[in-house]
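Q: Need coordinates for the following:
(one chain, ligands or ions: 2)
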Amino acid sequence: MKVAVFGAKGRMGAEVCRAVEAADGLELVAAVDAGEDRSAVEQADVVVDFTVPAVVMDNIAWCAERGINVVVGTTGFAAERLDQVRELLGPQPTSGVLIAANFSIGAVLMMRFAEQAARFYESAEIIELHHPDKVDAPSGTARVTASRIAQARAEAGLGPVPDATTSDPDGARGAVVDGVHVHGVRLRGLVAHQEVLFGAVGETLTVRHDSFDRASFMPGVLLAVRAVVDRPGLTIGIDDLLGL
Ligand SMILES: NC(=O)C1=CN([C@@H]2O[C@H](COP(=O)(O)OP(=O)(O)OC[C@H]3O[C@@H](n4cnc5c(N)ncnc54)[C@H](O)[C@@H]3O)[C@@H](O)[C@H]2O)C=CC1
Ligand SMILES: O=C(O)C1=N[C@H](C(=O)O)C[C@H](O)C1
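A: Ligands and ions are numbered 1, 2, ... in the order given. Purely as a prediction, here's the structure:
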């Protein structure tokens, strides 16, 4: 299978290039960063995109026009953007786009465990912790986690999380995503980490995941690369691929 990478000089893109080159049955045919020639990408079966939220939609459109499958790790996919991708692919898609906020298997499990725990706890908050060169906050993973917790709470008939705060002039309670407070930490030495805190009377539960190295994302990326060619249309996350 021929693979190309967009964002090839970035932290993730460079790691993906190395992983593809080392993987059985995959051939790296193009490694392209901002402003570089894309002609070699046209021969790829799959493009992997780890760029920036501002350009990723144009990249997906470019691939869709050429019928090239895409695996997207770049963040910034709110519901409207997912709808735009469905529109780009059309009613009878011939190529696939797989978008995942996090390709680390541990992070996928952490989100799943948080979703399962959500209905049992009155309180839920998220702390996401990342390297200080990350451009977006909250992280894509935190946004997805918050939305899945919110959905599980709604299905269980839980109301808003309790919070007596009436004065917070400096935003100490963090961002609120789908009713869930999300706190972002940016610290040199970190890679990608998240804690999901749950609380009920007399007990708390913390679900935590840590990526200490970007190698942790590679098994999920390679799984997605191999799977996307058989999945025309939009696939969100790698849960299905993992049998979750
Ligand atoms: N889904 C996941 O598992 C993960 C997602 N990410 C996300 O991936 C994205 C990239 O993260 P990093 O690699 O840390 O960022 P980075 O800043 O190190 O790399 C981004 C690269 O994209 C390049 N780029 C910008 N515009 C481009 C274009 N039009 N065509 C080709 N290349 C272009 C930049 O020059 C840069 O080299 C972020 O949105 C981040 O949140 C990061 C880690 C894991
Ligand atoms: O920028 C990063 O580093 C990461 N981005 C993704 C996100 O925003 O969730 C995935 C992971 O947290 C690493």
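Q: any idea how far stretch 20-30 is from the chain center?
A: Centre-to-centre, stretch 20-30 and its host chain are 22 Å apart (Cα atoms, centre = their mean, to the nearest Å).
Q: and if you look at stretch 69-77?
A: With Cα atoms, centre = their mean, you get 8 Å for stretch 69-77.
Q: Name the surrounding residues that touch it.
A: 7, 12, 45-53, 56, 59-60, 63-64, 95-101, 103, 136, 139-140, 217, 221, 224-225, 228-229 (Cβ atoms under 8 Å, 6 or more residues apart in numbering). Every residue, glycine included, has its C-beta placed from N, CA and C.
Q: quick one: contacts for Ala100?
A: Shown in contact with Ala100 (Cβ under 8 Å, 6+ apart): 71-73, 220, 224, 236-238.
Q: filter these by proximity to ligand 1?
A: By Cβ under 6 Å from any ligand atom, the members of these lying near ligand 1 are Gly73.
Q: between the contacts of Ala100, which is nearest ligand 2?
A: Gly73 (7.2 Å; Cβ to the nearest ligand atom).
Q: Buried by neighbour count, from the contacts of stretch 69-77: which ones?
A: Among those, those scoring as buried are 7, 12, 45-52, 56, 59-60, 63-64, 95-101, 103, 139-140, 217, 221, 224-225, 228 (criterion: 16 or more other Cβ atoms under 10 Å).
Q: Neighbours of the residue lying closest to Phe120 once chain neighbours are set aside, how many?
A: Leaving aside its sequence neighbours, Phe120 sits nearest to Ala200 (Cβ to Cβ, 6 or more residues apart in numbering; 6.9 Å). Residues lying near Ala200 (other Cβ atoms under 10 Å) number 11.
Q: again, but for the one 3 residues further on
A: Look at Glu203: counted by other Cβ under 10 Å, it has 9 neighbours.
Q: Quick check: phi and psi on it?
A: phi -160, psi 150 (degrees, to the nearest 10).
Q: what pLDDT does it get?
A: You'll see Glu203 listed with a pLDDT of 98.
Q: burial count for the residue in the chain that ligand 1 sits nearest to?
A: Going by Cβ to the nearest ligand atom, ligand 1 is nearest to Gly10 of the chain, at 2.0 Å. For Gly10, the neighbour count with other Cβ under 10 Å is 17.
Q: what about stretch 95-114 and ligand 1, any contact?
A: Yes: judged by Cβ under 6 Å from any ligand atom, stretch 95-114 comes into contact with ligand 1 at 100-103.
Q: Which members of those additionally contact ligand 2?
A: 101-102.
Q: Enumerate the residues of this protein near ligand 2.
A: Checking the chain against ligand 2 by Cβ under 6 Å from any ligand atom, the hits are 75, 101-102, 130, 134, 139-141, 192.
Q: max-length helix in this protein?
A: As assigned by DSSP state H, the longest helix anywhere in the chain is helix 140-155.
Q: list the buried ones in the following helix or strand past that one?
A: Moving toward the C-terminus from helix 140-155, the next helix or strand (DSSP states H and E) is strand 175-177. Within strand 175-177, the residues scored as buried using 16+ other Cβ under 10 Å are 175, 177.
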